[in-house]
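> just to be clear, the model below is a prediction. Sequence and coordinates:
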Amino acid sequence: MRLVRPAASGCAADTPYVKAGQAPHSLVARRNGDERPVTAGAFAAQVTPVAKALIIAGIEPGG
């Protein structure tokens with residue numbers, strides 16, 4: 001297992017997009033139950049609608 005160093009700036013919410021920009025085809029996770037790999041690019045694309053919904057709902061950083 002490789003440890004990931006915290007970002008010097010920004011926040012944890014930036015991590016999927018930074019990783020997708022650096023190495024979009026790298027494996028970042030496996031889905032529970034079926035072991036399908038999830039790439040950094042796919043993960044960023046999947047979390048974007050969730051992030052937008054949280055913003056629309058009025059959730060703010062630290063909230």
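Right, received. Where do you want to start? Numbering: from 1, shown residues only.
> what's the separation between the nearest residue to T39 once chain neighbours are set aside and N32?
Take T39 and drop its neighbours on the chain: the residue closest to it by CB to CB, 6 or more residues apart in numbering is H25, 5.3 Å away. For the C-beta atoms, the positions are set from N, CA and C on the backbone; glycine is no exception. With distances taken as CB to CB, to the nearest Å, H25 is found 22 Å from N32.
> next secondary structure element downstream of the helix or strand bottoming out on mean pLDDT in the chain?
The weakest-scoring helix or strand in the chain, judged by mean pLDDT, DSSP states H and E, is strand 27-30 (a mean of 86). For strand 27-30, the succeeding helix or strand toward the C-terminus, using DSSP states H and E, is strand 37-39.
> how about the most centrally placed residue in the chain, phi and psi?
Nearest residue to the geometric centre of the chain (CA atoms, centre = their mean): P16, 2.9 Å. Main-chain torsions, P16, degrees, to the nearest 10: phi -60, psi -40.
> likewise A51?
phi -60, psi -40.
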